[in-house]
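Show me how the following folds:
(chains A and B)
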Protein chains: 2
Amino acid sequence: MKALFVVLDGMADRPVAELGRKTPLQAARTPNMDRLARSGACGIVDPVAPGIPPGSDVANMALLGYDPHEHYTGRGALEALGAGLDLGPGDVAFRCNFATVNENGVVLDRRAGRISTENASVLAEAIREALEEADFGVEVKFVNTVQHRAVLVLKGEALSRAISDTDPKENGKPLKKCVPLDSSPEAKKTADIVNNLSEFLMKVLREHPLNKELERPANAILFRGAGTLPDLRPLSELYSIRGACISAVALVKGVCKAAGLDILDVPGATGSYDTNLDAKFSRALEALNEGYDLMFVHIKATDVASHDHDAAKKVWFLERVDEALGKALDALSTEDTYVLITSDHTTSVRTGKHEGDPVPAALAGPEVRVDAVERFDEINCSRGSLCRLRGIDLMPILMNLLGKVERFGF
Amino acid sequence: MKALFVVLDGMADRPVAELGRKTPLQAARTPNMDRLARSGACGIVDPVAPGIPPGSDVANMALLGYDPHEHYTGRGALEALGAGLDLGPGDVAFRCNFATVNENGVVLDRRAGRISTENASVLAEAIREALEEADFGVEVKFVNTVQHRAVLVLKGEALSRAISDTDPKENGKPLKKCVPLDSSPEAKKTADIVNNLSEFLMKVLREHPLNKELERPANAILFRGAGTLPDLRPLSELYSIRGACISAVALVKGVCKAAGLDILDVPGATGSYDTNLDAKFSRALEALNEGYDLMFVHIKATDVASHDHDAAKKVWFLERVDEALGKALDALSTEDTYVLITSDHTTSVRTGKHEGDPVPAALAGPEVRVDAVERFDEINCSRGSLCRLRGIDLMPILMNLLGKVERFGF
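Purely as a prediction, here's the structure:
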C-alpha cells in the first residue's frame, strides 16, 4: 500500500462575485477531482484551527502531521533547508531580500526591481568571497535562490532566533535595526551580529561594479524570519515509511526535509502557471513504483492566482491541474494506492491573502469508506464522511490506511 | 466589515413530548432565523465540549473565544464586574443571596421570599454603613443587584478564591462554614474573613427594622462562587476591534467587560419575557453604524422559559425574538455586516437545567460559503458546512471574515 498526497496551494476560496458567487473550485470543471470525491471519502479541514490563517510553512507542517503550536520555530530555517543549506541544531537562519536603499538607509525597493536570478548570483558570489575574509565570531553562509530571494545562516554557539527583522516590510521606510526580543545574552549577541552583517553587506554591495549598471542597485540585504531547525521526529521513523516530496517552493521543500522526506527535483517544476504538471505527477508515480510509500506533491500556482486577484486564472489553472491529475489517476493502481487531495489554506482572490476558512479534502483508495459526495469543492466536501478535521489529523489517517500506525494501548 | 453576534440564552433544547417530540426551535415559526440559515453557513457548536453542560459564565467566555479551561477563575468576579464594581487583580468576589435562616442557622429560604429589589436596597445600604465601622483586615464592598441577588468583593493583599461556599444550595439545610480548599495561608485567611463576615452580616440584618416587617426576613447573606478577575487579553487588542455588549444579565455583562467589550445599557432590556427586543437590536445596529466592529447581543428569556419548564412559552418567546431579528436584518447592510446567531448552551424544558448537547449556529454575510441548510434548528444545522465546532472557534471565524486575524507563520 502506498499514498499520493496532493496539496494545491491556496486552492480553497470564498464565493467570488465575478464567478456568480461561486468559489473558483465550484466554478471550475474538475471531473477528475470529482472522480476522487465520488469514489472516496470527503471532508473539510482546518489546516491549523478554525478561523486562523496559516502561513505556508505552518500549514504544510500541519499537513505532514506536526502540530505547529508545538514545533514551529520560524520560517528562516525551513527556507534555508529548502535552498539546500545544511542546518545544525542551534544554527539561526534568515530569509533575505536583495533590496535597493538610498544613502539615508531608506528602502526604495524591497526587491531591488526583482533583480534577475543571474545578477543576484553574481552578487551572492561576491558576498561569499567577502565573508571569507571577514570575522563575525560565527560562520556565515549566504545563498541566493530565485530573483531577489536569498537565505543566510549563522552557524555557531549560543545564538538565538528571538530577534527582530531589519526588513521594514514596506518601501519608503528606513531599514530597521535588529533588536533582541528577549533578555537572553544569546539574543543580544545574535542581534549585534545581524546589525554588523547588515552594515558589512551594504558596503560589499555598494562597491560592486554590477550595481553601478543596475537601475535599481541591489545595495542592501534585508533580514527577516529568523528561525532555527524544528526538532521533528521524521516520518520515516514515526511510520517506518520512505517518503518524498515534489515541490518548486524552497519553503515547502524545507518543511518536507525537516520531516524526513527526500526531495525529488523535477525539471520544469516552476511553481508558476507554466509548471510542468504532467512531469510532476509522472515523477511521483515513478517514485511510488520505485519503492516510496508516500509521495507529497505540492502545486503552487493556485495560490499565485489568488495573490494576483485573478479568479479566471485560478479556475483555468485548477482545470489544468485536474487534467494532469486525471492522467495520473488513470496510470496508478487503484488496488494499492491511496490518493488524498487537499489544500494548505484558503487564499482569497478578493483579499489576495491567506484566510482562515477550512479547505476541502478527498481521500480515495482500496479501503476507504465511500460516502455520497459527488463533487470536489468547499461546500460539497463539508457533507462528507470525514466531517471537519484538523490538518494534523490527515497524516495519521493516511498512514493508518497504509497499516503504518502503531496501536495506542494494548 | 462588522459583525452582529446574537446569543439566545439556553435556546437549544431536546425533543419535548408536548411539542410532538420537536424541540422548541423546531416547533417555533422562525422565518428570519431560517432566512439567516438559508443565506449562510450552518453548524452545531459544543459551547465547551461534547456532553459538558456549561454555566452561563463559562459558555459566554467560550463564545467570546477564551478557553474556559485556561481562563475561568470563578463566577463571583464576573458577576461583580457586571454589577459595576471595580475589581483589581487579586480581589476575591462572591455571588451572594439574601436568605432567611432560623435561630439554629438552618436556611429556610435561599432567596428570602424573592425579596423586592427595593427592600434589598435598603438592607444593602445598612450593610454598607455597618461595614464602614467594622474592620476585617481587608476592604469589603457589597452591592445588591436584582431581588435577592448581590455581590460582595474583598479587596486586599494575599487573598485566595480556593475556598468553599456558605450557601447550602438547598432549603432546609444549615448554613455552611467556609473552609479553605487548599493548604495555602491565603485560602485559610480568606475563609476566616468570610466566616467572620457571615456572622457579622447576620447580626446587622437581624437587628434591622425592615426585617421585622417581612414574612421572610432577609436575615442572612449566603456566599458562593468565590472568584478572581480572569486575566483575558481583550478582544480590542487581540483583533484591533471596537466591540460592545448588550445584555440585561450582570454575569454576561461581567464576562464581556472582562473581554474588553464596552457595555451598552438599553432601557427596557429586562432579561425577562417582557424585554424590549426591538430596542436591543436597534441599539446594536446604531452602535455598528457609530463605529463598533462587533456587537454581542445576549437575550435571556429563552433560558428562563426552560428553567420554568414552559415549552409553550419558549416557543412563543423564540417567535418574538424572530420577529425582532427580522426587523434588524431588514435594517442592516448585508454588504458589510456578518450576522452570527447561536446559543450559549442547551437548557432543557424538561430537566429545567443546562445540558451538554450542542447548540445550532448560523453565520451569514458577504463572503460566507453558503450551504444547503434552509431551516434554523438543532437538526438542520447539523447538516451544514460549518459541521461541528467548539464555542471558542466562533470568534476567530468571525474575526477572520472581518479581516482581523493575524496570520500564524509566514
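
which residues are in contact with the helix or strand residue A:196 falls within?
Here residue A:196 is covered by helix A:185-206, with elements defined by DSSP states H and E. Contact partners of helix A:185-206, identified using CB atoms under 8 Å, 6 or more residues apart in numbering or on different chains, comprise A:92, A:94, A:101, A:123, A:126-127, A:130, A:134, A:136-138, A:140, A:152, A:154, A:158-164, A:166, A:175, A:177-181, A:211, A:217-221, A:223, A:226. To be clear about C-beta, it is placed using only N, CA and C from the backbone, and glycine gets the same treatment.

Domain parsing of chain A, as residue ranges.
Per automatic domain parsing, the structural domains of chain A span A:2-72+A:232-401, A:79-227.

So which residues on chain A come close to chain B?
By CB under 8 Å from any CB of the partner chain, the part of chain A that sits against chain B consists of A:14-15, A:21, A:23, A:44, A:48-59, A:61, A:68, A:72, A:75, A:95, A:225, A:251, A:348, A:350-351, A:353-357, A:378-379, A:382-383, A:387-388.

Give the ChimeraX command for selecting the buried subset of the residues you listed.
Buried residues among the residues of chain A next to chain B (16 or more other CB atoms under 10 Å in any protein chain shown), as a ChimeraX selection:
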select /A:14,15,23,44,48,49,50,51,52,53,54,55,56,57,58,59,61,68,72,75,95,225,251,348,350,351,354,355,356,357,378,379,382,383,388
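
In helices only, show me the residues of chain A next to chain B.
In this view, the residues of chain A next to chain B that belong to helices under DSSP state H are A:56, A:57, A:58, A:59, A:61, A:68, A:75, A:251.

Could I have the CA atoms of stretch A:205-225 written out in CSV?
The C-alpha atoms that make up stretch A:205-225 are tabulated as CSV, following Å, rounded to 0.1, in the frame of the first residue of the first chain:
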residue,chain,number,x,y,z
LEU,A,205,27.3,45.5,-2.4
ARG,A,206,27.7,49.3,-2.8
GLU,A,207,31.1,48.9,-4.2
HIS,A,208,30.3,46.1,-6.6
PRO,A,209,30.6,47.1,-10.3
LEU,A,210,27.4,45.3,-11.3
ASN,A,211,25.4,47.6,-9.1
LYS,A,212,26.7,50.6,-11.0
GLU,A,213,24.9,49.3,-14.1
LEU,A,214,21.6,48.5,-12.5
GLU,A,215,18.7,51.0,-12.4
ARG,A,216,17.7,49.6,-9.0
PRO,A,217,21.0,48.6,-7.5
ALA,A,218,20.8,45.6,-5.1
ASN,A,219,22.8,47.5,-2.5
ALA,A,220,21.4,46.1,0.7
ILE,A,221,20.3,42.8,2.2
LEU,A,222,17.1,42.7,4.3
PHE,A,223,16.8,40.1,7.1
ARG,A,224,13.6,38.6,8.3
GLY,A,225,12.0,35.4,9.8
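
Bridge partners for residue A:101, pull those for me.
residue A:107 (DSSP bridges).

separation between it and residue A:216?
When distances are taken as CB to CB, to the nearest Å, residue A:101 and residue A:216 turn out to be 10 Å apart.

cool, and residue A:323?
Note on residue A:323: its distance to residue A:216, by CB to CB, is 39 Å.

residues of the helix or strand of chain A with the lowest mean pLDDT that come out buried?
For chain A, using mean pLDDT, DSSP states H and E, the weakest element among its helices and strands is helix A:75-82, scoring a mean of 85. Within helix A:75-82, the residues scored as buried using 16+ other CB under 10 Å are A:75, A:76, A:77, A:78, A:79, A:80, A:81, A:82.

now do the same end-to-end measure for stretch A:327-347.
One end of stretch A:327-347 sits 26 Å from the other (CA to CA, to the nearest Å).

What pLDDT does the model give the residue nearest the centre of chain A?
Most central residue of chain A, judged by C-alpha distance to the mean C-alpha position with CA atoms, centre = their mean, is residue A:252 at 3.2 Å. Per-residue pLDDT puts residue A:252 at 93.

do residue A:303 as well
pLDDT recorded at residue A:303 is 96.

That one - nearest residue in space that isn't next to it in sequence?
residue A:10 (3.1 Å; CB to CB, 6 or more residues apart in numbering or on different chains).

Would you map the strands across the stretch 101-250 of chain A?
Secondary structure of the stretch 101-250 of chain A (DSSP state E, counting those that start in this stretch): strands located at A:107-109, A:139-144, A:149-155, A:220-227, A:243-246.

quick one, what contacts residue A:64?
Contacts here follow CB under 8 Å, 6+ apart; on that basis residue A:64 touches A:235, A:255, A:256, A:259, A:261, A:296, A:395.

Show me these that map onto strands.
Among these, the members falling in strands are residue A:296 (criterion: DSSP state E).

ok, back up a step: ok, the ones in helices among the residues of chain A next to chain B vs chain B, which is closest?
The closest of those to chain B turns out to be residue A:58 (CB to the nearest CB; 2.9 Å).

mind listing what the closest one touches?
Going by CB under 8 Å, 6+ apart, the list of residues near residue A:58 reads A:47, A:48, A:68, A:72, B:408, B:409, B:410.

Return the subset of those lying in strands.
Counting by DSSP E, the contacts of residue A:58 place none of their members in strands.

hmm, back to that, could I get the strands of the stretch 101-250 of chain A as TSV with mean pLDDT?
What follows is the strands of the stretch 101-250 of chain A, written out as TSV (pLDDT from 0 to 100):
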stretch	mean pLDDT
strand A:107-109	96
strand A:139-144	95
strand A:149-155	94
strand A:220-227	94
strand A:243-246	98
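
how about TSV for those, with distance to residue A:200 added?
Supplementary listing: these in TSV, determined by distance: least, CB to CB, whole Å:
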stretch	distance to residue A:200
strand A:107-109	18
strand A:139-144	9
strand A:149-155	12
strand A:220-227	10
strand A:243-246	35
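
picking up where we left off before, just to check, the residue nearest to the centre of chain A is in contact with residue A:83?
No. Using CB atoms under 8 Å as the test, residue A:252 is too far from residue A:83 to be in contact (11.9 Å).

Which residue, other than its chain neighbours, is closest to residue A:299?
Counting by CB to CB, 6+ apart, residue A:8 is the residue found nearest to residue A:299 once chain neighbours are left out, at 5.2 Å.

give me the number of residues near the one you found?
Applying the criterion other CB atoms under 10 Å in any protein chain shown, we find 25 residues in the vicinity of residue A:8.
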